[in-house]
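K.L.:
would you be able to build a 3D model of this:
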Amino acid sequence: MPKSSLAFRLSQSTVGFAAIALAAVLWAIAATVASSLFQAGVSPLELAMLRSVIAAIGLGIVHQWQPQPKLGNWQILALGISLALVTLAYYIAIERLAVAIAVVIQYTAPVLIVVWAMLKNRKAPALSVTIALIAAIAGVVLIAELPAGDFELDGLGLFMACLSALFFASYTLLSESVVATYGAVGVMFRAFTVSSLFWIAFQFTQGVPEALFVPDHLWSVLFVGLGGTLIPFSLYCWGIEQVQSERGAIAATLEPLAAAIFAWIGLGQTLSVLQIWGGILVLMAVVSLQIKHQQS
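P.N.:
Below is the predicted model:
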């Protein structure tokens, strides 16, 4: 392989991981902003609806319509529904469970993706992927301080947390399957249009979400829609096209680490020894994936 071609592939891989890392950071910041909105009286489901609408409108403006082969329309529909339901399932889970438990269960999604790839390809995952997967999941468990917690469990909460992991895995795999056809922006525009229609239909049964339109909430809501939805989901979709879904989902486990660091810097919270070790494990997992991906 010519050196220029190899350098280009290495650059694509590096930028792909960087895109997913940036998406994880934006998701973590948006989660903190969303939490402040919830404390101010905004319903989580109302915010989920408006963030989908904002993302769909923003992506529609960015996206330039061009003739596209009508391939995978059912996948776009399934992707949009997965994006809507992952939020619904996760919000119900954190309402009924400790956030630490919900986060850990949701981030078992990479396990589901690796298992799916193994069944689809009829071969075991690469050893580097398996080791990185174990390290990343262990890191998330430590960052959430699960070993040190005394948590109450709820059946419905556990079920919804498991569903959130399933929908996380499904939108990752579905994004990978159609991104080559529509491009990251095209995929996310179509998916969030479907998601918006789902949420608008739901909101019709709930009435006008007045708390969302309080002037003091405007900039926070816009950030969740743009900085916490439109940009990171597009980055994640593009990133998994560069590095594959298994590696991309493992890299996304940087989100809990970013959230812990942001809480430490911005909110004055402390980082425990468990969280520091968890962060090291997640970083080692992502860096090792990048190195192995370049070598292969």
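K.L.:
can we go C-alpha only for contacts and neighbour counts from here?
P.N.:
Noted.
K.L.:
what ranges do the helices span in the chain?
P.N.:
Secondary structure of the chain, counting by DSSP state H: helices at 3-39, 44-62, 73-96, 99-106, 109-121, 127-143, 155-204, 218-225, 231-243, 245-251, 254-266, 273-295.
K.L.:
what's the closest of these to residue 210?
P.N.:
helix 44-62 (9.4 Å; C-alpha to C-alpha).
K.L.:
compute the inter-axis angle for the closest one and helix 231-243.
P.N.:
Helix 44-62 and helix 231-243 are oriented at 70 degrees to each other (axes from the mean of the first three to the mean of the last three C-alpha atoms, to 10 degrees).
K.L.:
by contact count, what packs against helix 44-62?
P.N.:
helix 73-96, helix 155-204, helix 218-225 (3 or more C-alpha pairs under 8 Å, 6 or more residues apart in numbering; DSSP states H and E).
K.L.:
quick one: contacts of the shortest one?
P.N.:
Surrounding helix 218-225, the residues in contact under the criterion C-alpha atoms under 8 Å, 6 or more residues apart in numbering are 30, 33, 34, 37, 47, 50, 51, 52, 53, 54, 55, 212.
K.L.:
hang on, the fourth one packs against residue 214?
P.N.:
No. Counting by C-alpha atoms under 8 Å, residue 214 is not a contact partner of residue 37; they are 10.7 Å apart.
K.L.:
who has more neighbours out of the two?
P.N.:
residue 37 (21 against 11; other C-alpha atoms under 10 Å).
K.L.:
pLDDT weak spots in the stretch 101-250 of the chain?
P.N.:
149-151 (pLDDT under 70).
K.L.:
if we go to 90?
P.N.:
101-108, 117-130, 132, 141-157, 178-186, 202-218, 242-248, 250 (pLDDT under 90).
K.L.:
stretch 14-28 - what's its average pLDDT?
P.N.:
Summarised as a single mean, pLDDT over stretch 14-28 is 91.
K.L.:
go on, stretch 257-269?
P.N.:
pLDDT averaged over stretch 257-269 gives 79.
K.L.:
show me what contacts residue 270?
P.N.:
For residue 270, the contact set (C-alpha under 8 Å, 6+ apart) comprises 263, 264.
K.L.:
swap the cut-off to 10 Å and go again
P.N.:
260, 261, 263, 264 (C-alpha atoms under 10 Å, 6 or more residues apart in numbering).
K.L.:
show the buried residues in these.
P.N.:
Neighbour counting with 16 or more other C-alpha atoms under 10 Å marks 260, 261, 263 as buried within these.
K.L.:
so who does the last one touch?
P.N.:
Think residue 263. Residues counted as contacts of residue 263 (C-alpha under 10 Å, 6+ apart) are 28, 29, 32, 257, 269, 270, 271.
K.L.:
ok, the second one to residue 79 distance?
P.N.:
Residue 29 sits 24 Å away from residue 79, taking C-alpha to C-alpha, to the nearest Å as the criterion.
K.L.:
so between those two, which is more surrounded?
P.N.:
The neighbour count for residue 29 versus residue 79, taken as other C-alpha under 10 Å, is higher for residue 79 (27 against 22).
K.L.:
can you count the residues close to the residue nearest to that one when sequence neighbours are not counted?
P.N.:
Leaving aside its sequence neighbours, residue 79 sits nearest to residue 171 (C-alpha to C-alpha, 6 or more residues apart in numbering; 5.3 Å). By other C-alpha under 10 Å, the residues close to residue 171 number 22.
K.L.:
okay but residue 171 is in contact with residue 110, surely?
P.N.:
No. Residue 171 lies out of contact with residue 110 (C-alpha atoms under 10 Å); the separation is 11.7 Å.
K.L.:
let me know whether residue 273 touches residue 147 as I believe.
P.N.:
No. Look at residue 273 against residue 147 with C-alpha under 10 Å: they stay out of range, at 11.9 Å.
K.L.:
and the residue lying closest to residue 164 once chain neighbours are set aside, what does it touch?
P.N.:
Distance criterion C-alpha to C-alpha, 6+ apart; nearest residue to residue 164, sequence neighbours excluded, is residue 86 at 4.7 Å. Going by C-alpha under 10 Å, 6+ apart, residue 86 touches 106, 160-171.
K.L.:
contacts only, for residue 174.
P.N.:
72, 75, 76, 77, 78, 79, 80, 82, 187, 237, 245.
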